[in-house]
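Colleague: Using only what follows, build the 3D model:
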Amino acid sequence: MQKTPESVAKELHEIMLKNGLSVLTIPNDKLYEISGRTRIRGAFLEQLKEKIEEIGHIFASGDKVHVISQDTNHSPAR
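Modeller: Numbering: from 1, shown residues only. Take a look at the predicted model:
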């Protein structure tokens, strides 16, 4: 069953909290599994990004993985 962008954002946030992560990388196949989808369109990713940003995280997508990060300076440049 397909999940809403809001429920997927909450689940990803819970994974980060449960594992004590500042950054989570998630490959496409795992995002499909979590979201209950066989295809993920741009509109879904935009809505997911909005929901993740509401939680206080940053969301970025690549061709193969997606990155969710706390919006903090957890890994400063030297």
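Colleague: middle-most residue in this protein, spatially?
Modeller: Nearest to the mean C-alpha position of the chain, counting by Cα atoms, centre = their mean, stands residue 68 at 4.7 Å.
Colleague: Is that residue bridged to anything, and to what?
Modeller: residue 24, residue 59 (DSSP bridges).
Colleague: thinking it is in contact with residue 16, fair?
Modeller: Yes - Residue 68 lies in contact with residue 16 (Cβ atoms under 8 Å); the separation is 6.7 Å. In this view, the C-beta of every residue, glycine as well, is placed from N, C-alpha and C.
Colleague: what residues are shared contacts of those two?
Modeller: 24, 57 (Cβ atoms under 8 Å, 6 or more residues apart in numbering).
Colleague: any idea how far residue 31 is from the residue nearest to the centre of the chain?
Modeller: Per Cβ to Cβ, to the nearest Å, residue 68 is found 10 Å from residue 31.
Colleague: got a list of what the residue nearest to the centre of the chain touches?
Modeller: 12, 13, 16, 23, 24, 26, 52, 57, 58, 59.
Colleague: Return a PyMOL selection command for the buried portion of these.
Modeller: Buried residues within the contacts of residue 68, by 16 or more other Cβ atoms under 10 Å, are selected in PyMOL with:
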select buried, resi 12+13+16+24+26+52+57+59
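Colleague: Quick one: the helices in the protein, in order.
Modeller: 5-19, 28-35, 42-55 (DSSP state H).
Colleague: pLDDT of the second one, averaged?
Modeller: Helix 28-35 carries an average pLDDT of 95.
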